[in-house]
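Asks: Turn this into a model:
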Amino acid sequence: MSQADLIDLCAQICALEKNIGNYILEEQKNIVLSSIEEKGNIDFVTYVDKEVHNRLNSSLQRYLPEASIISEEGGKDNLGKEYYWVIDPVDGTTNFIHNSGPYCISIALFHGQEPILGVVYELTNNELYYAWKDSKAYMNGRPIFCSPNRTISNAVVGFGFSYNQTQMKEFIPFLSKIAPLTTIRNQGSAAAEICYIAKGCYDAYVHNDLHIWDIAAASLILKQAGGNYCNFKSSSNILDCQTFIGFNNRSIQSSILSQSGQHKSTKQEEIKLYS
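Replies: Next comes the predicted model:
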């Protein structure tokens, strides 16, 4: 797929997300407790998630018929096909239910194992983030860049954690170590908070239990803004980032890894990650 193709496709996805975003914002006014389903412990889905999933499926199939679709509401059986979309109809559903931002639409296009296009629309602040392979990262038409801060004491670090009680408890020691060293925030939308690194208002984001649809689009945007990401073992394979650290530069990454209790990166690993 050429750069011209990616630019045209990105413009279509941006327009699609803005259009469907209007539907989401209107329907938020109509959300009632009786319309909310519980997928798991503290893990919710609404009729809006399902309707947005269906609308995205329909549109994306028209834009690129040969591509399959992976979604939070539709599973991940098509990972590894030549072209496939990875979508999260509403990232931050709990925020959406309670009319509290942020919440997002997230769409990424993969070629094999590589994300080549990503669009995240954060609805409550009307912030449209997007990038494609070899492009700059943009928000609302303007280039964005990661913060140059390299000191953890001056950083803002977003975090989230698993709904699984065992994994949640395992994450508490990390939080108790990192909290005295920096400023931490938890806003309930991985896609939005990874984009906040890309625009320079966060320096990092850490989560111990994510799915590919949570991070696919935002991670590409982050990378094109000058940042990067890895899992707790320093692997930057986006398909193996259930544990996730997004960061503005490797100084912040090293500071976080040193507190994670999981792994300390070596110089060789850092060279591999940034080569």
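
Asks: On the three-state scheme, the residue nearest to residue 223 when sequence neighbours are not counted is what?
Replies: Using C-beta to C-beta, 6 or more residues apart in numbering and skipping the chain neighbours, the partner closest in space to residue 223 is residue 229 (7.2 Å). All C-beta atoms are positioned from the backbone trio N, CA, C, and that covers glycine. Counting by DSSP: H, G, I helix; E, B strand; the rest coil, the backbone at residue 229 sits in strand.

Asks: The longest helix anywhere in the chain - contacts with which helices or strands?
Replies: Longest helix in the chain, counting residues (DSSP state H): helix 3-28. Contacts defined by 3 or more C-beta pairs under 8 Å, 6 or more residues apart in numbering; DSSP states H and E place helix 3-28 against helix 47-63, strand 104-111, strand 114-122, strand 127-132.

Asks: and with 10 Å instead?
Replies: If you count contacts as 3 or more C-beta pairs under 10 Å, 6 or more residues apart in numbering; DSSP states H and E, helix 3-28 packs onto strand 43-46, helix 47-63, strand 83-91, helix 93-97, strand 104-111, strand 114-122, strand 127-132.

Asks: if you compare those, which one is most tucked away?
Replies: Among the helices and strands packed on helix 3-28, ranked by average contacts under mean count of other C-beta atoms under 10 Å, first place goes to strand 104-111 (a mean of 28).

Asks: Which other helices and strands does that one contact?
Replies: Contact analysis of strand 104-111 by 3+ C-beta pairs under 10 Å, 6+ apart lists helix 3-28, helix 47-63, strand 68-71, strand 83-91, strand 114-122, strand 127-132, helix 190-198, helix 212-224 as its packing neighbours.

Asks: Next, the buried residues of the first one.
Replies: Read it as helix 3-28. Buried residues in helix 3-28, counting neighbours by 16 or more other C-beta atoms under 10 Å, are found at 6, 9, 10, 13, 14, 16, 17, 20, 21, 24, 27, 28.

Asks: so that helix versus strand 104-111, what angle?
Replies: 150 degrees (axes from the mean of the first three to the mean of the last three C-alpha atoms, to 10 degrees).

Asks: Just want the angle from helix 3-28 to strand 127-132.
Replies: Helix 3-28 and strand 127-132 are oriented at 150 degrees to each other (the same axes, to 10 degrees).

Asks: Residue 246 and residue 214 touch, don't they?
Replies: No - Residue 246 lies out of contact with residue 214 (C-beta atoms under 10 Å); the separation is 11.2 Å.

Asks: These two: which has the busier surroundings?
Replies: Neighbours were counted for residue 246 and for residue 214 using other C-beta atoms under 10 Å; residue 246 has more, 33 against 26.

Asks: I'd guess that one is in a helix, am I close?
Replies: No - going by three-state DSSP, the assignment for residue 246 is strand, not a helix.

Asks: Right, I'll leave it there.
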